[in-house]
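K.L.:
I'd like to go over a predicted model; first the sequence, then the structure.
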Amino acid sequence: MNSSRTRIAASVAGIAALALIATGCSTGGGEGGGDDKVTLSITTFGTMGVDANYEQYMEENPNVTIEATNLEGGGAARDDAYAKIAAGTGLSDIVAIEEGWLGTIPDDSFVDLRDYGIEDVKDSWLDWKYDQGTTTDGKVIGAGLDIGPQGLCYRGDLFEAAGLPSERTEVAEYFGGDDATWDRFFEVGQEYVDNSGKAFYHSPRFFWNSFVNQQEEGYYKKDGETLNIEGNDVLKDQFTKIVEAENDELGAGLPGWEVGPEAKAGDFAVYMCPSWMLGIVQGYYDEGTTDSGWDFADVLPGGAANWGGAFLGVAESSEHKEEAAKLALWLAAPEQQAASFELAGPFPSTPEGQELVADTTSAFFNDAPVGEIFAARSEGVIAQVKGPEDSNIQDNVFGPVFDRVSQGEVTDPDEAWDEAMELLDQIVG
Amino acid sequence: MTTSTLGRPARSELTFRQKVSRFDYTFSPFLYVAPFFVLFALIGVFPIAYTLNVSLYDWHLLEGQGEFVGLANYVSILSDPFFWNAFGNTVSIFLLSAIPQLVIATGIAALLDQAIRGKTFWRMSILLPYIVAPVAVTVIFLQIFNQYHGPIAGLLELFGLEPIRWAFDVLPSHIAIATMVNWRWTGYNALLLLAAMQAVPRDVYESAALDGANKIRRFWSITIPMIRPTLIFVVITATIGGLQIFTEPRLFDGRTYGGSDRQFQTIVLYLYELAFPRRDFGQASATAWILFLIIVLVGLISYAITRAIRTADVKPARISAASIGAQQGES
Amino acid sequence: MTATVTSPKTPKPSKSPSFEDRRVVDAERRAKRKRAYERPGVLTYALLIAFFVGSAFPLWWSFVIGSRQSSDTNLVPPAVLPGPNFLSNAMKALETVPFLQGLLNSILISGAITVSVVFFSTLAGYAFAKLRFRGRTGLLLAVIATMAIPTQLGIIPLFMLMAEWQWIGTLQAVIVPGMVTAFGVFFMRQYLVDVIPDELIEAARMDGASMWGTFRHVALPAARPAMAVLSLFTFMAAWTDYLWPSLALSPRNPSVQTALAALSASGGQNPDNAMVLAGAVLSVIPLLILFFVAGKQLVAGIMQGAVKG
């Protein structure tokens, strides 16, 4: 007993010693000293590719150290941002904000980038992107990074086996080209299912999302406050079509995300692909894969739509607003947007950045000219006003209902819609 | 107490020392217990009490305190199907963990309650999982309960069975989460029960053996009744811990708050979702208080049961709350 | 550590041998002992081994995969021997999230909490066990009652409090709420009430020792074994905590658990399982060391705390 007690004492002492070392080590973060040296923290999420540029910036600005944290998934980043905004401490100097929750952030928690010269470079962004980062009273709290124009990822090999066109321009034409409609999409899907005996798409969640984003007003009216769902015949009509498609077994009954093994197994043949999704699909496969069968077509049923896109904001609680704003604006500049795209796939929100990546092709997607296609797909995008509960409605109202529909637990469109409305009441009401 | 100091220095000095001493003896005990009570009031009692206050308001994470709404938050929680879903999931996961855990722990304790070789080794070995934090347990079991790869998927494939969608279907997800809880706590509880078994006087067994009772019969008619208080204690702590389970379901599918369709959202996870992603501190606080009341109720019921048994039993082993603290950390 | 705990290793002989033949008595005793504590059969060991394998397999398996590559999770039958990649996987984990910072933070947090809890618990436990003061019984009952309070339900006001103090994102936001536990006070009280004779305190008082002196020179030395056990439990509880640190700390200044959670999510749609499991192993190592050093005390602490006859 006694000797072991000594051992406990020894290990506690050891721990205490380690703790002392730790105190010595952990002073590196956050606070820049009195001299020019400054450490800037930045929190990003998902596969934004912003990190492609850190090295260069630190080389060009030797006094700056970038301390980067990347959180997986917008949800984790959002929850953390909410908590730290509410607390007033703990936010990074620069925070990546997703379009879906930009509208929920109190204006006064991020600096007005107009004070740091964003107006001088205002013209470099697509107008609607710049406007999204602007609050109702004209403050600019976010510097636009990427946008999410959508094309159609499809399995060329499976299309071919099912007797459908497989070459990407022909595929685009087959779906209706510039006049592609959702009705046609479901028709082609039915044809594929009949010919192959397999499901056409993985989950209705994504298509629903694309459709909502195509509308002039989505879940909210233009004022960003009034809900636009109950009694909205356009939404309900599409909702009904999706439920019917599910009943016809066009869907594979899979969850929205993490469907890599099913993708590889060919359990479905199309995937809605905003630019940032390319990296995700590619991530399902081993690095360097080129024979997956996936291809990418310049078409989206129902016309152009944006899905997602991020902004960089500078926290009001930052002790280095000036330097942080400088870095944020630099990271959001065309060249850096292009570098991020090359690394991870999010499409630039600046026309100049888009031009820089126009020649980009993707070996994984059968050498598809993705730069060119996304540029084409971003034409005619409607900048929809997002409301405070936009991402909640998407994830917690329609998501679960579509899951239930695709599991065959609900088959009647009206019943499913009523369920969604009940959920909506619960979540937002 | 008031002594004149003039002219009688010696006595006054003595009195002063006495005074100091008396002061020391009267007030030191309070000084010794004060830090605990002051700190606990601040970090334990105040938050719970203030939760009640928050729950009576419209209270937004980012916008702060709003109007007083009385019990409206409670009404909306209790009429929210998500709350009842979370309640059901919590109970289901609890049952799936408590029952097998109790049975196996009792069995292991009975095995160890013999003249076994390598006693210390076995006792330590069953405690091994206890040192693995819930986060690490979940991270590890995520790989084991994986639809596509890992030991279980491999086994199913070997037998030509369909893969199980652990993170998508309700019952499999509950089983997976319950397994994590069981893995971490069974050995710990076995040690508690073993201690209780060893406290049973040996002569009781001896006379039973002389009366011709076999091993199994002795187990059922002596061991089980004698360790019943500890069994109940284990159930109570497991219940209080189980009602607050958070980490395992939170990280089982980290993108969601307990599954894409809330298949395994528990009450504390529901509370978390309300408080942060949905930013409704008022409703989250109401949920906390509802759960608090449930736990108090469970505590009172178990207290009543324990008392009833205590008065009924001849020589009950008294339970100290030694492991409440340890098991309360379960989340 | 409590004197009252039955230690049935050697059943006491019921009576000492008087005039009978010693050998007969011994044989009788052996027979009795055999009935009371039977030598278990093969089945017992088989079951124990099975349980041991079940207990150890997940940890072992995560080390196995953590030292190989992700695709090895697919092997049928599963891989059971470690590979050569543990260090490279661990390094990758350290690069992906601020894991080292998390480890150091957790050592600081758990260390500070342990020191504080053990100190305040010993102080208050001693007062409750050995000192007379007005309201002692009532206050002790209050301690016992608060032991069952699920403090994690107070996270919302706690969050508001820490926000008010501008502490969110700092280590003290996690340390301060853990500084005292009712369990610790009760635990120390239960131990000290038996272990220090009242006469000893009286004697110290007669000698003119101050209260503090008595505490330091009489109570503290006597309390050491219980303090060691309480440190173990407190350190482990602080080390393994997740919910509150996930709210109170920030991803760039994490605890070991929040760092591991972030690591687990880091691959998104395409996780690097070998790296994640290597990280899980890293997070367990400190407690594993503690377990090997003091596992016996842990076992004893659980068993002795469980039952007081």
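P.N.:
Ah, there it is.
K.L.:
And the closest residue to residue A:214 other than its chain neighbours, how far from chain C?
P.N.:
Ranked by C-beta to C-beta, 6 or more residues apart in numbering or on different chains and with sequence neighbours excluded, the top spatial neighbour of residue A:214 is residue A:305, at 4.3 Å. For glycine as for every other residue, the C-beta is placed from the backbone atoms N, C-alpha and C. Going from residue A:305 to chain C by C-beta to the nearest C-beta, to the nearest Å gives 22 Å.
K.L.:
From what I see, residue A:305 and residue A:150 are in contact.
P.N.:
Yes - Residue A:305 lies in contact with residue A:150 (C-beta atoms under 8 Å); the separation is 5.6 Å.
K.L.:
neighbours of the residue nearest to residue A:214, just the number please.
P.N.:
Residue A:305: 25 surrounding residues under other C-beta atoms under 10 Å in any protein chain shown.
K.L.:
Give me the phi and psi for residue A:295.
P.N.:
According to degrees, to the nearest 10, the main-chain angles of residue A:295 amount to phi -140, psi 170.
K.L.:
That one: neighbour count?
P.N.:
22.
K.L.:
picking up where we left off before, shared neighbours, residue A:305 and residue A:150?
P.N.:
Any residue near both residue A:305 and residue A:150 by C-beta atoms under 8 Å, 6 or more residues apart in numbering or on different chains counts here, and that gives residue A:210.
K.L.:
Who's the closest spatial neighbour of the one residue in chain A that gets nearest to chain C, skipping the chain neighbours?
P.N.:
Going by C-beta to the nearest C-beta, chain C is nearest to residue A:90 of chain A, at 2.6 Å. Excluding the flanking residues, the one nearest residue A:90 by C-beta to C-beta, 6+ apart is residue C:169, at 2.6 Å.
K.L.:
same check, this time on residue C:252
P.N.:
residue A:69 is the one closest to residue C:252 (C-beta to C-beta, 6+ apart), at 4.3 Å.
K.L.:
Check whether the one you found sits in a helix, strand or coil.
P.N.:
strand (DSSP: H, G, I helix; E, B strand; the rest coil).
K.L.:
Would you check that it makes contact with residue A:45?
P.N.:
No - using C-beta under 8 Å as the test, residue A:69 is too far from residue A:45 to be in contact (9.3 Å).
K.L.:
what about the residue nearest to residue A:90, distance to residue A:89?
P.N.:
5 Å (C-beta to C-beta, to the nearest Å).
K.L.:
Next: residue A:233.
P.N.:
For residue A:233, the distance to residue A:89 - C-beta to C-beta - is 47 Å.
K.L.:
Those two: who's more crowded?
P.N.:
Using other C-beta under 10 Å as the criterion, residue A:233 and residue A:89 rank with residue A:89 on top: 18 against 7.
K.L.:
Give me the phi and psi angles of the more buried one.
P.N.:
Dihedral pair for residue A:89: phi -140, psi 170, per degrees, to the nearest 10.
K.L.:
check contacts around it.
P.N.:
Here residue A:89 is in contact with A:317, C:163, C:166, C:167, C:168, C:169, C:170 (C-beta under 8 Å, 6+ apart).
K.L.:
What residue spans form the domains of chain C?
P.N.:
Domain ranges of chain C: C:42-84, C:94-306, per automatic domain parsing.
K.L.:
Kindly present the ones you listed as a markdown table, with separate columns for mean pLDDT.
P.N.:
Formatted as a markdown table, the domains of chain C follow (pLDDT from 0 to 100):
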| stretch | mean pLDDT |
| --- | --- |
| domain C:42-84 | 89 |
| domain C:94-306 | 92 |
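K.L.:
Could you dump those domains into CSV and include distance to residue A:237?
P.N.:
Formatted as CSV, the domains of chain C follow (distance: least, C-beta to C-beta, whole Å):
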stretch, distance to residue A:237
domain C:42-84, 44
domain C:94-306, 32
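K.L.:
Deepest in the core, which of these is it.
P.N.:
domain C:94-306 (a mean of 21; mean count of other C-beta atoms under 10 Å in any protein chain shown).
K.L.:
Check the chain and tell me which residue is nearest its centre.
P.N.:
With no chain named, the answer covers chain A. For chain A, the residue nearest the mean C-alpha position is residue A:308 (4.4 Å; C-alpha atoms, centre = their mean).
K.L.:
nope, chain C
P.N.:
residue C:233 (2.5 Å).
K.L.:
That residue - that's part of a helix, no?
P.N.:
Yes - with three-state DSSP as the criterion, residue C:233 is located in a helix.
K.L.:
what pairs with the residue nearest to residue C:252 across the strands?
P.N.:
Per DSSP bridges, the residues bridged to residue A:69 are residue A:43.
K.L.:
Quick one: closest of the domains of chain C to residue A:298.
P.N.:
domain C:94-306 (24.1 Å; C-beta to C-beta).
K.L.:
Quick one: distance of the closest one to the chain centre.
P.N.:
Centre-to-centre, domain C:94-306 and its host chain are 9 Å apart (C-alpha atoms, centre = their mean, to the nearest Å).
K.L.:
list the contacts for the residue nearest to residue A:90?
P.N.:
A:84, A:87, A:89, A:90, A:91, C:248, C:249, C:250, C:253.
K.L.:
Keep only those of those that are in strands.
P.N.:
Residues from the contacts of residue C:169 lying in strands, with DSSP state E as the criterion: none.
K.L.:
Could you check the pLDDT of the residue nearest to residue A:214?
P.N.:
Looking at residue A:305, its pLDDT stands at 89.
K.L.:
where does it fall, phi/psi-wise?
P.N.:
Dihedral angles (degrees, to the nearest 10) for residue A:305: phi -150, psi 150.
K.L.:
Quickly check: stretch B:37-51 near chain A or not.
P.N.:
No - contact of stretch B:37-51 with chain A (C-beta under 8 Å from any C-beta of the partner chain) is absent, the minimum separation being 15.3 Å.
K.L.:
And that stretch, how far out from the chain middle?
P.N.:
20 Å.
K.L.:
Could you do stretch B:117-135 as well?
P.N.:
Relative to the centre of its chain, stretch B:117-135 is centred 19 Å away, using C-alpha atoms, centre = their mean.
K.L.:
near chain C at all, it?
P.N.:
Yes - against chain C, stretch B:117-135 shows contacts by C-beta under 8 Å from any C-beta at B:120, B:122-135.
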